[in-house]
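J.: need coordinates for the below:
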Amino acid sequence: MNLRKAISILVLVAFIQSITSCVTTRERAPSMLKSNKTYKVVRILKTSGEFIELDKDGPGYLSDSKVFFNTPFIIPAKGTTVSAEKNIFVFKTADGQIHEAIRFIKKGDTYKLFLNPTQSMPLSEVSMVWTRETDAFGTVLLVAGVTVGAFGILMLIVALTKESCPFLYASDGMEFQLEGELYSGAIFKGIERRDFLKLHSATAQEGGYLFKIANEADETQHTDELTLVAVDHPKEVSAYIGSDGVVHTIRSPLTPILAKDFDGQDFTASVSAVDGKMWSSNPVGKDPENPDHWRSGLVLNFPKPPSAKEAKLVVRIGNTYWADYSFGQFIGLMGNAMQSWQREREADPAIREKAEKFMSDQGIGLKVQVLRNEAWQDAGFFYPTGPFGIEDDIMVLPLEGITGDSLTIRLQGGTFFWMIDYAAVDYSADCEVNIALISPQEASDHNGRDIKQLLLQADGDYFVMPEIGNYATIKYPAPPLPPGLERSLFMRSTGYYIIHPRQDVKPDLAKFLAIRQRPELFLKFSLEELQKRITAAQGPKEKNLPK
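T.: Numbering: from 1, shown residues only. All right, here's what the predicted structure looks like:
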C-alpha cells in the first residue's frame, strides 16, 4: 500500500469517527461466528435470498444460534408525555394511547420507540450477517493494514475499492444522517449526469436545511450543481422525481399480486412494504460457467385496469456492496492503463449511449422489462445507487399492446448486485403540485472556503474534491409550507467522478480486453470473484479423521 493511500485511509477513519462514532461493520458467513459471543446485527441475508435491513438506531443481536430483532415504533412527540417505571419508559399520546419501550430516541417531531425483540430466526436460515462494533482503536489498527478475511471490515473495502461518488448527509436537527450517493455511475466527464435523490432525514432548522457532501472514496469528485427541490403536494399523495426530472404523484399504489425471483421463490411479502425486508439474490452455489446464473431479479405481477394507458412503477432499491466492489476489481484490471482508457472514452462521441447500454445489459443498472405479446421488452433501467443507501425511484411505463387485467414486469440485474425493498404501480393521473428550486444560501468546504457560486447551476464550474476526507457543508433557506400541504424534498445534483488508478489489483489487460470484446463476461468475472470470497468466508471444510 503506498503512503498516500495509507494516509487517506486514516483521514477517512477520522472523518467517519466525526459523523458515525467510528462504527465498524463486518460481513460474515455463519461459520465465522463464535458460539460464545453476542453480536450486534444490522443486516441479514437469508438462505432463501431475502435481505433484511435492520433499523440503524436499533440493531438486532445474534446469540445462542439465533438472530433477534424488531421493528421500531414511531409516535408523534407533540402532546405525548413520557414517564419511567423501573426499566420501562411509558408514553401516553395526545389521543390517549399508551406505549411501552425499553429505550427511545427523539428525532424532530417524533419519538422512535424500541421494544424487546419481537422476532427471531435460527442461524440455519441465515446465509450471511453484517455485524457492527464500535471499538475505535481496533478500527484504526485494522484499517491501517492488518490482514482481514474476504468478508472483512467494511470501511477497509470502502477506502480501497469504493467507486461510487459523493455521499450526501442531511441534518435532522440533531445529527447528520446519510441520505445516499450522488450521480452514481458517472465515472468520467463524458457520462456526467443530473441526478435526483429523494430525501428522508432533512429537517428545517432555524429557517433552513443543512447538508454535508463528502468524498469517502479513492477518486476525484466534480460537483457542478446542488439544487434543493421542494415539492409541496396534497397529503393524500406522495411525490417522486424520475431520472428525466419530471415530478410525479402516487395516489393509489398497488403492490404485486405475485413476486418471484429467477429461481421461482416467492418474495411477494418482502417487496410489498417499505420495511427493510428486501429481496437480494442468494449468490451461494451459483456457477460462473453457467450464463443463467450471471443475472438475477424478480418477476412482478400487478393488477391492471383494462383501460389504463400507462403505469407509474415506483421502487425502493439499493446496490449491494458487491456491485461496487466487483466493478472496482474490473476497472483495476487495467492497471496503469486506466488513465489512457479514460481519455479514449472521453473522445468517443457515442460514449454516453455505450456506457448506458453496458450499465443496463450487465446489471449495474437495474433493467426494467415489460411482458408484451408474450415477449420481454426493455422499458429502461434505474441508475445505480451506490452501496450505502436505499433510494426511491420512479419510471413511467407505456402500456400500448398490453391487454387484459394484469401487468407483468421484470427487474433484472447482475447476481448479488441489487436489493429491492419495495415495488408498486400506480395508474392515477398526476395531481397539481407546487415546485420550488432552492439554491444554496451558504456553502463552504472543509477549509472554510466559500464555494456557493460553484454549486448554483450546471455551468461547468465545479466544486472539486480530490481526496478522501474532503467535504463541504451547504445551507438552503426553507420556504414556508402552504397550509394543508405536505413537503417532499429532493437533491438535484450534476457531476461526475474520476476513479484513481488502482494499486491493490493485479493488472490483467488480457482479461480486461476480453470483457471489452464480450461485455457479458463482466458478469462471469464478477461471479468468479464472488465465489472465491464465499469459499474463503466459509472456511476449510471438516475432514473425517482416521480412526
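J.: which stretches of the stretch 251-400 of the chain form helices?
T.: Using DSSP state H, counting those that start in this stretch, the helices of the stretch 251-400 of the chain run over 321-332, 338-346, 351-361.
J.: what would those look like in JSON lines with distance to L115?
T.: Bear in mind the C-beta positions are built from the backbone N, C-alpha and C, glycine included. Shown next, in JSON lines, are the helices of the stretch 251-400 of the chain (distance: least, CB to CB, whole Å):
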{"stretch": "helix 321-332", "distance to L115": "30"}
{"stretch": "helix 338-346", "distance to L115": "51"}
{"stretch": "helix 351-361", "distance to L115": "42"}
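J.: between those, which gets nearest to R533?
T.: Across these, the minimum distance to R533, taken as CB to CB, is reached by helix 321-332, at 8.6 Å.
J.: and the closest residue to A269 other than its chain neighbours, what are its bridge partners?
T.: Leaving aside its sequence neighbours, A269 sits nearest to K277 (CB to CB, 6 or more residues apart in numbering; 7.7 Å). Following DSSP bridges, K277 is listed with bridge partners I52.
J.: so who does K277 touch?
T.: Taking CB atoms under 8 Å, 6 or more residues apart in numbering as the contact definition, K277 lies against E50, F51, I52, E53, A269, S270, D421.
J.: filter those down to just the buried residues.
T.: E50, F51, I52, E53, S270, D421 (16 or more other CB atoms under 10 Å).
J.: any stretches of this structure with poor pLDDT?
T.: 1-28, 31-32, 35-36, 56, 86-87, 107-108, 116-118, 132-164, 502-505, 537-547 (pLDDT under 70).
J.: center of it, which residue is that?
T.: Among the residues of the chain, the one closest to the centroid is G389, at 2.7 Å (CA atoms, centre = their mean).
J.: helix, strand, or coil at the closest residue to that one other than its chain neighbours?
T.: Among residues not flanking G389 along the chain, G180 sits closest, at 3.3 Å (CB to CB, 6+ apart). Counting by DSSP: H, G, I helix; E, B strand; the rest coil, the backbone at G180 sits in strand.
J.: try the one 4 residues further on
T.: In the three-state summary, S184 is assigned as coil, counting by three-state DSSP.
J.: how much space between it and A214?
T.: 14 Å (CB to CB, to the nearest Å).
J.: higher neighbour count, those two?
T.: S184 (27 against 24; other CB atoms under 10 Å).
J.: got phi/psi on G207?
T.: phi 80, psi 0 (degrees, to the nearest 10).
J.: show me what contacts the nearest residue to it once chain neighbours are set aside?
T.: Distance criterion CB to CB, 6+ apart; nearest residue to G207, sequence neighbours excluded, is A478 at 5.8 Å. Taking CB under 8 Å, 6+ apart as the contact definition, A478 lies against A204, G207, G208, Y209.
J.: got CSV for those, with neighbour count too?
T.: Formatted as CSV, the contacts of A478 follow (neighbours: other CB atoms under 10 Å):
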residue, neighbour count
A204, 18
G207, 12
G208, 17
Y209, 22
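J.: so which of the residues you listed comes closest to D324?
T.: Y209 (28.0 Å).
J.: and that closest one, how far from K198?
T.: Y209 sits 14 Å away from K198, going by CB to CB.
J.: with D430 instead?
T.: Distance, D430 to K198, by CB to CB: 16 Å.
J.: check T81 too.
T.: When T81 is compared with K198 (using CB to CB), they lie 34 Å apart.
J.: please apply the same query to I191.
T.: Taking CB to CB, one finds I191 at 22 Å from K198.
J.: please apply the same query to F104.
T.: Going from F104 to K198 by CB to CB gives 26 Å.
J.: hmm, who's touching stretch 77-95?
T.: Outside of stretch 77-95, the residues within contact range by CB under 8 Å, 6+ apart are 75-76, 98-104, 106, 108-111, 113.
J.: and the two most separated of the contacts of K277?
T.: Greatest spatial distance in the contacts of K277: E53 and A269, 15.2 Å, computed using CB to CB.
J.: which residues of the stretch 301-450 of the chain fall in strands?
T.: Along the stretch 301-450 of the chain, counting by DSSP state E, counting those that start in this stretch, strands occupy 310-319, 366-372, 375-382, 391-398, 406-414, 418-426, 434-438, 442-445.
J.: chain center to the longest one, what's the gap?
T.: Okay, so that is strand 310-319. Per CA atoms, centre = their mean, to the nearest Å, the displacement of strand 310-319 from the mean C-alpha position of its chain is 14 Å.
J.: partners of it, with directions?
T.: Strand 310-319 has these strand partners (DSSP bridges): strand 391-398 (antiparallel), strand 418-426 (antiparallel).
J.: run the angle between the longest one and strand 366-372 for me.
T.: The one in question is strand 418-426. 40 degrees (axes from the mean of the first three to the mean of the last three CA atoms, to 10 degrees).
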